[in-house]
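Asker: fold the following.
(chains A and B)
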Amino acid sequence: MKSKIGIAVVLLVVVVLALFLPNFGGRYYTQIFVQVLINIMLAASLRPSLLCGQLNIGHSAFMAIGAYASALLAKNLGLPFELSLLFGGALSAAVGLIMGYPSLRLRGVYFAMVTVSFVEVIRLIAQLWVSLTRGMSGLSGIPKPSLLGMVLTTKASQYYLALGLLVIILLILYRLEYSRLGLIWKSIGMADNLSQSLGINVANYKLLAFTLGCFFAGVAGAYYASFFRFLFPPEFSFLLSVNILVYNFVGGRGHFIGPIVGAAFLTLLVEPFRGSAYETIFFSIAMLLTILFLPGGLITLPGKLAGLWSGSTGSAPATSAAT
Amino acid sequence: MTFELFVQSAIIGLSIGAIYILMALGLTLMFGMMHIINFAHGAVYMLGAFVIYYFFHLWGIPYSLAFFIAMILLGLFGFGVERFIYRTVKGNIEPTLVALLALTTLLQAAGYPVFGPLDKNVPSVFRGNYIIFGTPISAERLMIIPVAAVLVVALYLFINKTKMGAAMRSIEQDKEAAALQGVNVNVVNAMAFAVGFSLAAAAGALIAPIFKLDPMMGEQPLLKAFIIIILGGLGSIPGAILGGLILGFIDSVVATAVGVELAFLLSFVFIILLLLFKPNGLFGYEV
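Answerer: Numbering: from 1, shown residues only, chains lettered A, B, ... in the order given. So this is what the prediction gives:
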């Protein structure tokens, strides 16, 4: 009961903060908060794959597909934002389906290696298909996001759009994770042989989790394109994919809230170093320390501290791997 | 494509393939025993090249000696990674992989402040050209092939003829049974890390006089090594060698014909098709 009140208070604070953030600081801060929201979308959309025990290290590639597809549709064909967003996500999901089908039938490591190579493939295509993507000159002049025909010109209104989008994505992912489907994913993550023996079509459920993640990564990419209005192939590198994984692991994989905490915490923490080598150094050290000393991620930290405080050795409730 | 150009690119392909094979052998050895993919392999290759830059180019130690120093130093680093990362999260493949990823990005990013932002060059060691079938091939590219061949044979003898090699093969077959027979699994795993790391260091040390050195230089060979071991089948040493030769050929002959980037895209498409029809690779087994 006490913890429920605590959760409600934390949620309330987060909601109020999220709603009033653009009022604090100027455009620069709004931009950082939008970056936080985008990173949460990416991190949360990787979670279904991780639940099935699939290490997807290619998420930035799917973000890139969504970003380029929606940007080109909006810019060249004048498609409204909502449609180009959906098309971006759908194309990303379709590519994920084509790539996931052969590689997901195998053990996780094959899949991990294929996804790593895939990042490079997408980056090269974005770089080489100059007539479509402008290659290394970067794609600029992407239309601003719009809603029901109204163009959102201020950064604050675009922030609220991202917030709305994030809430929708999180609600969908939450409902799925706490449904029968989520249970199946978790059972595959714990023991895929056993799940198969119970009549679960493991390959199809893995493919579903992966494709769903690709769809939302594409949507996040589409929003990214319309907010920053500039796309540059090296942005969607292997490093970004690793960061998305890092958000999940540092935040904690034991609970739905994990990637949200991880993405928000790390994005804000490394903001002063953004663009320099120290950003990655910082990230990597945070990652190594978490894996070695706090395997459950940041979300288990309050429980551990409370355990230390009361002198008991009881571990946090959310430590177990895939609950 | 003329005959001369073909011969030249085929021999260069063989030398590139030899580098890929050295990378892939360590990866496949470690996978066979521990079922992990060492994502840090590219960073180790980069460090091997930088050991040559410091010891040979800056401090004037003979190249052959610097080559062994690179292998030994990074072999020791492999022991350390096994002890402090692999053993700490043992039993969990996923966190191990992510920790190795983090180690990779850490080493790459730390390379910029440590080595400086500019690309480095190491002067050539073997000067001059050899004329083969009427086409000149640079000596330093040609030298890669015998050195790599010696290392491959040495690895083969180590795995098949020594007691440590037998212990490695026993762990590959069944870890628990090996432990029951008195094999110290931790020590043998550490040895596999060391061997894999020093092979990657050797690959980096061989390439140092030929390519520019920068902290990200290991990424491309790592991706190529991934494609090779998927092609050859995870855990298979003959598969890694054959896969390395095929990819070296694609990288050189096909790249000369259609361009480097397109050659990479083609090899990726090839891998996806291979996984569709022969999911365990050319020599792979069910894992």
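Asker: hang on, B:Gly17 packs against B:Leu245?
Answerer: Yes - assessed by Cβ atoms under 8 Å, B:Gly17 is found in contact with B:Leu245 at 4.8 Å. Quick note: C-beta positions are derived from backbone N, CA and C, even for glycine.
Asker: looking at the two, which one has more neighbours?
Answerer: Per other Cβ atoms under 10 Å in any protein chain shown, whichever of B:Gly17 and B:Leu245 has more neighbours is B:Gly17, with 28 against 19.
Asker: mind listing what the closest residue to that one other than its chain neighbours touches?
Answerer: In this structure, B:Gly17 finds its nearest non-sequential neighbour in B:Gly248, 2.2 Å apart by Cβ to Cβ, 6 or more residues apart in numbering or on different chains. B:Gly248 makes contact with B:Gly13, B:Leu14, B:Ser15, B:Ile16, B:Gly17, B:Ala18, B:Ile19, B:Tyr20, B:Ile21, according to Cβ atoms under 8 Å, 6 or more residues apart in numbering or on different chains.
Asker: now B:Gly248: how far from chain A?
Answerer: The gap separating B:Gly248 from chain A is 17 Å, by Cβ to the nearest Cβ, to the nearest Å.
Asker: and A:Leu152, what's its pLDDT?
Answerer: A:Leu152 carries a pLDDT value of 75.
Asker: cool, and the one 10 residues further on?
Answerer: The predicted local confidence for A:Ala162 comes out at a pLDDT of 85.
Asker: isn't it up against A:Ile38?
Answerer: Yes - under the criterion of Cβ under 8 Å, A:Ala162 makes contact with A:Ile38 at 6.8 Å.
Asker: quickly list what's touching both of those two.
Answerer: Contacts common to A:Ala162 and A:Ile38, judged by Cβ under 8 Å, 6+ apart, are A:Tyr223, A:Phe227.
Asker: what does the stretch 101-250 of chain B put close to chain A?
Answerer: Residues of the stretch 101-250 of chain B found near chain A (Cβ under 8 Å from any Cβ of the partner chain) are B:101-103, B:105-106, B:108-110, B:112-113, B:219, B:223, B:226-227, B:229-230, B:234.
Asker: any of the residues you listed buried? List them.
Answerer: Buried positions within these, assessed by neighbour count (16 or more other Cβ atoms under 10 Å in any protein chain shown), are B:101-103, B:105-106, B:108-110, B:112, B:219, B:223, B:226-227, B:229-230, B:234.
Asker: helices - which of those land there?
Answerer: Per DSSP state H, helices hold the following members of those: B:101-103, B:105-106, B:108-110, B:112, B:219, B:223, B:226-227, B:229-230.
Asker: report the contact partners of A:Phe273.
Answerer: A:Glu279, A:Phe282.
Asker: let me know the pLDDT of it.
Answerer: Listed pLDDT for A:Phe273 reads 79.
Asker: for it, give its distance to A:Met41.
Answerer: Going from A:Phe273 to A:Met41 by Cβ to Cβ, to the nearest Å gives 22 Å.
Asker: low-confidence ranges in the stretch 201-323 of chain A?
Answerer: By pLDDT under 70, the weakly predicted segments of the stretch 201-323 of chain A are A:311-323.
Asker: near chain B, which residues of the stretch 151-300 of chain A show up?
Answerer: Checking the stretch 151-300 of chain A against chain B by Cβ under 8 Å from any Cβ, the hits are A:238-239, A:242, A:245-246, A:249, A:277-281, A:283-285, A:287-288, A:291-292, A:295.
Asker: recalculate using a threshold of 7 Å.
Answerer: For the stretch 151-300 of chain A, the residues found near chain B under the criterion Cβ under 7 Å from any Cβ of the partner chain are A:238-239, A:242, A:245, A:249, A:277, A:280-281, A:283-285, A:287-288, A:291-292, A:295.
Asker: who wins for most neighbours among those?
Answerer: A:Phe249 (28 neighbours).
Asker: identify the residues contacting residue 44.
Answerer: The chain I'm using is chain A. By Cβ atoms under 7 Å, 6 or more residues apart in numbering or on different chains, the contact list for A:Ala44 reads A:Ile169, A:Leu170, A:Leu173, A:Pro259, A:Ile260.
Asker: the intended chain is chain B.
Answerer: Taking Cβ under 7 Å, 6+ apart, one finds B:Leu74, B:Phe197, B:Ala200, B:Ala201 in contact with B:Val44.
Asker: what do you get for A:Gly141?
Answerer: A:Lys75.
Asker: how does it look with 8 Å?
Answerer: A:Lys75, A:Arg229.
Asker: any chance you could map the strands in the stretch 101-250 of chain A?
Answerer: Ranges of strands within the stretch 101-250 of chain A are A:139-140, A:146-147, A:150-151, A:230-231, based on DSSP state E, counting those that start in this stretch.
Asker: so what's the residue count around residue 70?
Answerer: Here I'm looking at chain A. If you count neighbours by other Cβ under 10 Å, A:Ser70 ends up with 32.
Asker: looking at chain B here, not the other one
Answerer: Neighbours of B:Ala70 under the rule other Cβ under 10 Å: 29.
Asker: quick one: it and B:Ile207 touch, right?
Answerer: No - assessed by Cβ under 8 Å, B:Ala70 is found out of contact with B:Ile207, at 11.4 Å.
Asker: quick one: A:Tyr224 from A:Ala94, how far?
Answerer: 19 Å.
Asker: of the two, who's got more company?
Answerer: Between A:Tyr224 and A:Ala94, A:Tyr224 has the larger neighbour count (other Cβ under 10 Å), namely 28 against 15.
Asker: distance check, that one against A:Ala217.
Answerer: Taking Cβ to Cβ, one finds A:Tyr224 at 10 Å from A:Ala217.
Asker: which neighbours do those two share?
Answerer: A:Met63.
Asker: now the residue nearest to B:Gly17: how far from B:Asn121?
Answerer: On the measure of Cβ to Cβ, B:Gly248 and B:Asn121 end up 23 Å apart.
Asker: do A:Phe230 as well
Answerer: 34 Å.
Asker: equivalent analysis for A:Ala69, please.
Answerer: For A:Ala69 relative to B:Asn121 (Cβ to Cβ), the value is 41 Å.
Asker: more neighbours: which of those two?
Answerer: More crowded of A:Ala69 and B:Asn121, by other Cβ under 10 Å: A:Ala69, with 23 against 13.
Asker: count of neighbours near A:Ile188?
Answerer: 25.
Asker: helix or strand: which one has the spatially closest residue to B:Ala225 that is not a sequence neighbour?
Answerer: With Cβ to Cβ, 6+ apart as the criterion, B:Ala225 has its nearest non-adjacent residue at 4.0 Å, and that residue is B:Met23. Assigned by DSSP states H and E, B:Met23 belongs to helix B:3-34.
Asker: output the contacting helices and strands for that helix.
Answerer: Under the contact criterion of 3 or more Cβ pairs under 8 Å, 6 or more residues apart in numbering or on different chains; DSSP states H and E, helix B:3-34 touches helix B:41-52, strand B:135-138, helix B:139-161, helix B:163-173, helix B:185-207, helix B:219-232, helix B:237-249, helix B:255-258.
Asker: flag every buried residue along the helix or strand just after the first one.
Answerer: Spelled out, that is helix B:41-52. Next in sequence after helix B:41-52, counting helices and strands by DSSP H and E, comes helix B:63-81. The neighbour-count check on helix B:63-81 (16+ other Cβ under 10 Å) flags B:Tyr63, B:Ala66, B:Phe67, B:Ile69, B:Ala70, B:Met71, B:Leu73, B:Leu74, B:Gly75, B:Phe77, B:Gly78, B:Val81 as buried.
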